[in-house]
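Colleague: build me a structure from this.
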Amino acid sequence: MAFPPTKIKILPPLFATIIICFCFVSSLAEIPHFQQPLKSDGSLSFLVVGDWGRRGLYNQSQVAQQMGLIGEELKIDFVISTGDNFYEDGLTGVDDPAFFESFTNIYTAPSLQKQWYCVLGNHDYRGDAEAQLNPILTKKDSRWLCLRSFIVNAEIVEFFFVDTTPFVNEYFINPGDHTYDWKGVSPRENYLANLLKDVDSALGSTTAKWKIVVGHHTILSAGHHGITDELLKQLVPILQKHNVDAYINGHDHCMEHISSSHSKIQFLTSGGGSKAWRGDIRKWNPEELKLYYDGQGFMSVQITDTNAIFVFYDIFGNVLHQWSISKESQSSA
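Modeller: A predicted model of the protein is given here:
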């Protein structure tokens, strides 16, 4: 179903071993695959944070503290970063001290010493984008795993991490004072065509019960950046075709949940990892806008074979919003 026109506008050796176990398995087309084991009871839990890398400032350290507490409570298996990992202009290279100052030295809680699956945001592309993809950073901190696009299979759920920055026309035709690192992306037309083909193929081939897509940019949002038309036109038809359950993003510095009347996809924004934008909200159908919180925070997700629970938290660890999706068990399907 089509959407209406836009009108709303370093680690202990144990973890070094674990990351090796998340080895490259196979590749459908060009997208790397990784395996993520479930808990012994067949469930999975993780946190999602975005737009965070500010050397602890703008309450980044306070968000990290609460993430550590919730992470311990839920016994999380990993963390997802929705991009804009290092402000304002990404990393200058693999030896940029910002990697330690904004990541390693901030997320120090025991529960956060797990795998981090990270995508690039537009601010990351303003620096040396390939530095964040370099395995040298994983040697510096074995939690770190960042690729342009990749897939994580966890049996009952498959995660499709999509590089959304190259979709946005503005960064190419009107970059202003910013310089973007397009190495590995040019020629853009071929890059996007291949990426969309690969995502379509991967989503069509998965046998996982749950399908979650992660990208940096908003698709639907009442926040500052609003709707990303390029993703709405090019990516959403593929997500709908394959019955994706949720699209998780950052980019807008808020916590947000939109349950569109035109799609079964849940649109979830977790972009409150540090600097938030107070009062920056557009008009939106209140029946669709289940949450809009213009402050810092993060999200947790708990998944079993039959249920997925999404919970949004503020800087004090208070629950802002909770949403659950239920499916029939595989045995009864």
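Colleague: CA only for contacts and neighbour counts going forward, please
Modeller: OK.
Colleague: in the chain, where's the longest helix?
Modeller: If each helix of the chain is counted by residues according to DSSP state H, the longest one is helix 188-205.
Colleague: name the helices or strands packed onto that helix?
Modeller: strand 27-28, helix 236-241 (3 or more Cα pairs under 8 Å, 6 or more residues apart in numbering; DSSP states H and E).
Colleague: in JSON lines: these, plus mean neighbour count.
Modeller: Formatted as JSON lines, these follow (neighbours: other Cα atoms under 10 Å):
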{"stretch": "strand 27-28", "mean neighbour count": "14"}
{"stretch": "helix 236-241", "mean neighbour count": "17"}
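Colleague: nearest to residue 81, out of these?
Modeller: helix 236-241 (20.3 Å; Cα to Cα).
Colleague: all strands of the stretch 201-333 of the chain, in order?
Modeller: For the stretch 201-333 of the chain, the strands defined by DSSP state E, counting those that start in this stretch cover 210-214, 246-249, 255-259, 266-270, 289-293, 297-303, 307-314, 319-326.
Colleague: re the thing from before, ok, which of the helices and strands packed on helix 188-205 comes nearest residue 45?
Modeller: Closest to residue 45 of the helices and strands packed on helix 188-205, according to Cα to Cα: helix 236-241, at 22.8 Å.
Colleague: which residues are contacting the closest one?
Modeller: Outside of helix 236-241, the residues that reach it under the criterion Cα atoms under 8 Å, 6 or more residues apart in numbering are 1, 199, 200, 263, 264, 265.
Colleague: ok, residue 31 touching residue 149?
Modeller: Yes - shown here, residue 31 and residue 149 form a contact pair, counting by Cα atoms under 8 Å, at 6.3 Å.
Colleague: still on that earlier bit, okay, the strands of the stretch 201-333 of the chain, which one's buried deepest?
Modeller: With neighbours taken as mean count of other Cα atoms under 10 Å, the strands of the stretch 201-333 of the chain reach their highest mean count in strand 266-270, at a mean of 27.
Colleague: now it, how far from the centre of its chain.
Modeller: Computed by Cα atoms, centre = their mean, to the nearest Å, the separation of strand 266-270 from the middle of its chain amounts to 9 Å.
Colleague: a markdown table please, covering the strands of the stretch 201-333 of the chain and showing mean pLDDT.
Modeller: What follows is the strands of the stretch 201-333 of the chain, written out as a markdown table (pLDDT from 0 to 100):
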| stretch | mean pLDDT |
| --- | --- |
| strand 210-214 | 98 |
| strand 246-249 | 98 |
| strand 255-259 | 98 |
| strand 266-270 | 98 |
| strand 289-293 | 98 |
| strand 297-303 | 98 |
| strand 307-314 | 98 |
| strand 319-326 | 98 |
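Colleague: ok, residue 317 - contacts?
Modeller: When the contact criterion is Cα under 8 Å, 6+ apart, the partners of residue 317 are 66, 67, 70.
Colleague: sorry, back to before: reformat the contacts of helix 236-241 as TSV; add distance to residue 317, neighbour count and pLDDT.
Modeller: Shown next, in TSV, are the contacts of helix 236-241 (distance: Cα to Cα, whole Å; neighbours: other Cα atoms under 10 Å; pLDDT from 0 to 100):
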residue	distance to residue 317	neighbour count	pLDDT
1	37	9	48
199	35	25	98
200	37	17	98
263	30	17	90
264	29	14	94
265	26	20	97
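Colleague: nearest to residue 61 among those?
Modeller: Taking Cα to Cα as the measure, residue 61 lies nearest residue 265 of the contacts of helix 236-241, at 31.7 Å.
Colleague: and that closest one, how close does it get to residue 94?
Modeller: Distance check for residue 265 against residue 94: by Cα to Cα, to the nearest Å, it reads 37 Å.
Colleague: try residue 52
Modeller: Taking Cα to Cα as the measure, residue 52 falls 18 Å from residue 94.
Colleague: which one of those two has more residues nearby?
Modeller: Here residue 52 and residue 94 are compared on neighbour count by other Cα atoms under 10 Å; more neighbours surround residue 52, at 32 against 18.
Colleague: ok, that one touching residue 84?
Modeller: Yes - A contact is recorded between residue 52 and residue 84 when judged using Cα under 8 Å, the distance being 6.7 Å.
Colleague: list the contacts of residue 67.
Modeller: Counting by Cα under 8 Å, 6+ apart, residue 67 touches 47, 112, 298, 317.
Colleague: and those residues, which two are the farthest apart?
Modeller: Maximum distance among the contacts of residue 67 (Cα to Cα): 15.4 Å, for 112 and 317.
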